[in-house]
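Below are the sequence and a predicted model for it; my questions follow.
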Amino acid sequence: MNELACIILAAGKGKRMNNPNIPKVMATLAGEPLLGHVLSQITQLHPTKTLVIVGHQKDTIINYVKQQFPWADCIEQAEQLGTGHAVKMAEPALEKFYGDVLIITGDTPLLQAKTLGSFVEEHQRYRGILSGCVLSAVTSTPKGYGRIVRSSVGEFMKIVEEKDATDEEKLITEINTGIFVVKSVTLFAVLKELSNANAQGEYYLTDIVELIRRKGLSISAIKAENFDEFRGINTPEELARAEEHYYLQRLNTIL
């Protein structure tokens, strides 16, 4: 495996969790913060660098990471201007890094290292022709997720966030899991060109797909087998459902 750095997005407020005193990624599932579940899986990939982007209630997260995962570094996103802006905060720390960058959200506790490893390996197998890959999944309930837009012959064209999607695009069942792997040089080059001209007024990380394509480079969307691994946590109800899936996952492993 080529050199790998990992960026974990953990700066969000998580307003719908109804607990303003705790950052969303510090909500617990099976007694461990969501961020801890993600970092535990990342550890198994042996990245050269792991960077956690923090913002809301940053000190709580920084203290936790220092105590439990001292090999990871925290970087502050002082203003929450979107996922693209969050990733850009990591550029100084990766100034002399020329490998691949794996980007993950910190609220996906069901992620498995095996899935992430296979995704990175698939990208690196075609690294000569691919500048990056997006991990997608198919679900019958795509509401809330960005949609993977493909051409009539199945070519990956772009990701459309739900708030910017047309009625037709909202019918698409292939969704963006929020997980990317991109060559570092390509990643930070296109992040400089991001615009916030969208419904949220934010710098979307998902817009790098079209920017990469405009440069004549290739980026692929690779479908994962199991959507359940990528369930993000935005509400207490979603946290409860994720905990159910977590214990089922563990039971299936034992059996």
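Happy to help now that I have it. Numbers count the residues shown, from 1 in each chain.

So residue 4 versus residue 160, what's the distance?
Using CB to CB, to the nearest Å, one obtains 28 Å as the distance from residue 4 to residue 160. Glycine gets a C-beta too; all of them are placed from N, C-alpha and C.

more neighbours, these two?
Regarding residue 4 and residue 160, a neighbour count based on other CB atoms under 10 Å identifies residue 4 as having more, with 24 against 21.

Need the per-residue pLDDT for the more buried one.
Residue 4 is assigned 98 on the pLDDT scale.

List the residues that contact it.
Under the criterion of CB atoms under 8 Å, 6 or more residues apart in numbering, the contact list for residue 4 reads 45, 46, 47, 48, 99, 100, 101, 102, 120.

Any of these buried? List them.
Among the contacts of residue 4, those buried by neighbour count (16 or more other CB atoms under 10 Å) are 47, 99, 100, 101, 102, 120.

Out of those residues, which comes closest to residue 183?
Within the buried ones among the contacts of residue 4, proximity to residue 183 (CB to CB) peaks at residue 100, which comes in at 5.9 Å.

got CSV for the contacts of residue 4, with distance to residue 89 too?
Below are the contacts of residue 4 laid out as CSV (distance: CB to CB, whole Å):
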residue, distance to residue 89
45, 21
46, 23
47, 17
48, 18
99, 19
100, 18
101, 13
102, 16
120, 22
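
from those, which is closest to residue 238?
In terms of CB to CB, no member of the contacts of residue 4 lies closer to residue 238 than residue 102, at 23.6 Å.

what's the average pLDDT for the helix or strand hosting the closest one?
Using DSSP states H and E, the element containing residue 102 is strand 100-105. Throughout strand 100-105, pLDDT has a mean value of 98.

swap in stretch 231-245?
If you average the per-residue pLDDT over stretch 231-245, you get 90.

How far does that stretch sit from its chain's centre?
Mean C-alpha position of stretch 231-245 versus that of the full chain (CA atoms, centre = their mean, to the nearest Å) differs by 17 Å.
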